[in-house]
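K.L.:
Would you be able to build a 3D model of this:
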Amino acid sequence: MKRLLLSTFILFTYIFTQAADTTKVLFIGNSFTGTFDVPQLVKGFADAAALPMVIASHTPGGISVADVSQGTMAHMNNPMVFDLIRSNNWDYVVLQDNQGRFVDGGGNFPSPTQSPVIAGHIKIRDSMRANSSCSRMLLFSGWAWKSGYPGLGDGKKLIANIYENYQVLNTSAQEIIAPIGSAWLRAITQVPSVDLWGPDEAHQSMEGSYITAAVIFSSIYRMNTETVMFDN
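P.N.:
Next up, the predicted model:
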């Protein structure tokens, strides 16, 4: 993939720090994490940088953190999720919720229907911390529909709303926001010929997954991924 493509996308320039130990990362999400196997792409960056990484993932399509209608399939209610958390001393848990929960801007988050979203993130965070006090959570601040949503704005505005609402959530969670959508906005502006959305205009293209993985990798290692390009 072209060096220009990635160098445009990454928000920060990080100082390289070689990690001596294996970094263990658990991914919890849905098809936005599963499409083009974002966890494996993150590991691909780590492998290219000679940084040992162990990954595991739980990414069933359509599942949210706290949708009560999903019963025990919702991440906060799923025993499998908590079994996975307890299965290793994870350094990072990447938690990706249904991004549609975060698209309503204008300071309307959390609304009564969204308050379980915060509670669900806190429940998973607390389980993570109880399992390993040094673990950190990466909050997946991503994108939504390319064409936007009536009354809420276009795709760019939804990305801005999502990030704003993750900042609200993080006043409670006190963890790390992975600014994936912010990197998408830079790419959309500076390299408009690259389409980050796939054919359904909701899920990502391969390029979108690549950027998503790059931001997650950089959020973990504080390292500019331009120096660890790899073929995928």
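K.L.:
Give me the phi and psi for F82.
P.N.:
The phi and psi values for F82, taken as degrees, to the nearest 10, are phi -70, psi -30.
K.L.:
roughly how far apart are it and H75?
P.N.:
9 Å (C-beta to C-beta, to the nearest Å). For every residue, glycine as well, the C-beta is placed using N, CA and C.
K.L.:
Ok, H121 next?
P.N.:
Counting by C-beta to C-beta - H121 and H75 are separated by 9 Å.
K.L.:
Common neighbours of those two, please.
P.N.:
V65, A66, L95, D97 (C-beta atoms under 8 Å, 6 or more residues apart in numbering).
K.L.:
Give me the phi and psi for the second one.
P.N.:
Main-chain torsions, A66, degrees, to the nearest 10: phi -140, psi 30.
K.L.:
pretty sure it contacts A74?
P.N.:
Yes - assessed by C-beta atoms under 8 Å, A66 is found in contact with A74 at 5.9 Å.
K.L.:
Among those two, which residue is more densely surrounded?
P.N.:
Between A66 and A74, A66 has the larger neighbour count (other C-beta atoms under 10 Å), namely 23 against 19.
K.L.:
Would you format the shared contacts of H121 and H75 as JSON lines with secondary structure and distance to I55 included?
P.N.:
Shown next, in JSON lines, are those (DSSP: H, G, I helix; E, B strand; the rest coil; distance: C-beta to C-beta, whole Å):
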{"residue": "V65", "secondary structure": "coil", "distance to I55": "20"}
{"residue": "A66", "secondary structure": "coil", "distance to I55": "24"}
{"residue": "L95", "secondary structure": "strand", "distance to I55": "14"}
{"residue": "D97", "secondary structure": "coil", "distance to I55": "19"}
